[in-house]
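>>> quick check, what structure comes out for this input:
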Amino acid sequence: MDIRELNLFLHLAGSLHFGQTSRACNITRSGLTRAIQRLEQELGEELFLRDNRSVNLTRAGTLFKDYAVDVVHRYHALQTQMAAENRLRGELSLYCSVTAILSILPDIITSFRQGYPDIHLNLSTGDAALALARLENREADITIAALPDRLPRHITFLKMLETPLLFIAPRPGEKSSMVPTLDNLDRIPIVMPERGLSRQRCERWFAEKKRTPTIYSSVAGNEALIAMVAMGCGIGVVPQLVLDNSPMKDRVMTLAIDPGLEPFTVGACTTRTALRGPVVQAFWQIAEETSARKYQSRGGDENNSDN
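Residues are numbered from 1 along each chain as shown. Predicted structure coming up:
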């Protein structure tokens, strides 16, 4: 067994979902299945009970999970020690939104600084919709962005989380008497994202409902959009992750619109060329490990419908 197989096992032990683990770990489902089978053959025990509807750890799987966590932790400690001795040096440029700094990056950056104190981190913030463009223009080595509908082949994506895309409106009494419903959304002013995946998903949603939105204004940046909605300029569409971290979240309300908008998959992006560099590799590995630990701690928060 090797560290990659142990990491695959630990992710699957957290998600209990072959489809989710294969996507998150960039491996085919058949490749994941073979990796788990190799572990089971080496141990002489079944690690998972699986059928067409569910996946569960066996008693042996639960015992092996404790062992795997310990081995992976020791491996990471060894890597950190060796990295400190090798004293990897250089610079890394990172671009993300303010929300990403508050909710996604703290643990990653803390671990990165501890493991590689001689690497200088240049951090720029701005509209998340510009993240891929910054990467394409070589203005950043790594960006935090929502996964687009079509990811360019030369870009590598590391999934970190999923977040719903929500309709929001001013709270009653917050400069508005609007009562938005599915039937009247096309007659109520909407504050539209100026660009990016939020706008694409919003426009697609209205097109599928055969409705034409009444656009009050187009705004760059989710934080500014929330402020416009809170001031009564109209309704808007924002990722829940941004709303949860907004200082104005108490001045808006979410709308129970069914069917809703397609959620965002948020993660780290870099080019395949940049990922060959040791500095980017160092950050990427810590991001992978941190994201895997967080996912395991949640125990997998999605259903198991397509195991």
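>>> could you pull out the strands in the stretch 151-300 of the chain for me?
155-163, 165-170, 189-193, 214-219, 235-239, 252-254, 264-271 (DSSP state E, counting those that start in this stretch).
>>> can I get these in a markdown table with distance to Arg87 and mean neighbour count?
Any C-beta I mention is one placed from the backbone N, CA and C, and that applies to glycine too. As requested, the strands of the stretch 151-300 of the chain are arranged in a markdown table below (distance: least, Cβ to Cβ, whole Å; neighbours: other Cβ atoms under 10 Å):
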| stretch | distance to Arg87 | mean neighbour count |
| --- | --- | --- |
| strand 155-163 | 26 | 19 |
| strand 165-170 | 43 | 22 |
| strand 189-193 | 43 | 23 |
| strand 214-219 | 45 | 15 |
| strand 235-239 | 39 | 25 |
| strand 252-254 | 48 | 18 |
| strand 264-271 | 23 | 22 |
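>>> dump the ones you listed to CSV, plus mean pLDDT and distance to Thr62.
Compiled in CSV, these are given as follows (pLDDT from 0 to 100; distance: least, Cβ to Cβ, whole Å):
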stretch, mean pLDDT, distance to Thr62
strand 155-163, 89, 26
strand 165-170, 88, 36
strand 189-193, 86, 45
strand 214-219, 84, 49
strand 235-239, 88, 35
strand 252-254, 88, 38
strand 264-271, 90, 29
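>>> may I see these arranged in TSV, with distance to Asn52 as well?
Below are the strands of the stretch 151-300 of the chain laid out as TSV (distance: least, Cβ to Cβ, whole Å):
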stretch	distance to Asn52
strand 155-163	24
strand 165-170	31
strand 189-193	40
strand 214-219	46
strand 235-239	33
strand 252-254	35
strand 264-271	25
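>>> need the helices for this protein, in chain order.
Listed in chain order, the helices of the chain (DSSP state H) span 3-15, 18-24, 29-43, 59-86, 98-103, 106-115, 131-136, 197-208, 222-230, 240-244, 278-298.
>>> list the buried ones in the longest one?
Buried residues in helix 59-86, counted by 16 or more other Cβ atoms under 10 Å: Gly61, Phe64, Lys65, Ala68, Val72, His76, Gln79, Ala83.
>>> one step back: for Asp258, which of the helices of the chain is the nearest?
Asp258 sits nearest to helix 197-208 of all these, at 11.8 Å, using Cβ to Cβ.
>>> next one: that closest one to chain centre, how far?
Put simply, helix 197-208 sits 20 Å off its chain's centre (Cα atoms, centre = their mean, to the nearest Å).
>>> same check, this time on stretch 108-116
19 Å.
>>> buried sites along stretch 278-292?
If you call a residue buried by 16+ other Cβ under 10 Å, then stretch 278-292 has these buried ones: 279-280, 282-292.
>>> how far does that stretch sit from the chain's center?
Centre-to-centre, stretch 278-292 and its host chain are 14 Å apart (Cα atoms, centre = their mean).
>>> again with stretch 233-241
Between the centre of stretch 233-241 and the centre of its chain there are 19 Å (Cα atoms, centre = their mean).
>>> for that stretch, give me every contacting residue.
Stretch 233-241 is contacted from outside by 99, 103, 146, 161, 163-169, 178, 180, 185, 188-193, 198, 201-202, 216-217, 219, 222, 225-226, 228-229, 254-255, 261, 264, 266, using Cβ atoms under 8 Å, 6 or more residues apart in numbering.
>>> first vs last residue of it, how far apart are they?
22 Å (Cα to Cα, to the nearest Å).
>>> need the pLDDT of Ser177.
At Ser177, the model reports a pLDDT of 51.
>>> actually, Val72.
Looking at Val72, the pLDDT reads 85.
>>> how much space separates Trp24 from Glu162?
That one is not Trp; residue 24 is Ala. Taking Cβ to Cβ, to the nearest Å as the measure, Ala24 falls 10 Å from Glu162.
>>> again, but for Arg293
17 Å.
>>> check Tyr216 too.
Look at Tyr216 and Glu162: by Cβ to Cβ, they are 29 Å apart.
>>> and Glu194, by the same measure?
Distance from Glu194 to Glu162, counting by Cβ to Cβ: 23 Å.
>>> re the thing from before, to Arg50, which of the strands of the stretch 151-300 of the chain lies closest?
Taking Cβ to Cβ, strand 155-163 is the member of the strands of the stretch 151-300 of the chain nearest to Arg50, at 22.4 Å.
>>> helices and strands around that closest one, which ones?
For strand 155-163, the contact count by 3 or more Cβ pairs under 8 Å, 6 or more residues apart in numbering; DSSP states H and E identifies helix 240-244, strand 264-271, helix 278-298 as packing neighbours.
>>> brilliant, that's me finished.
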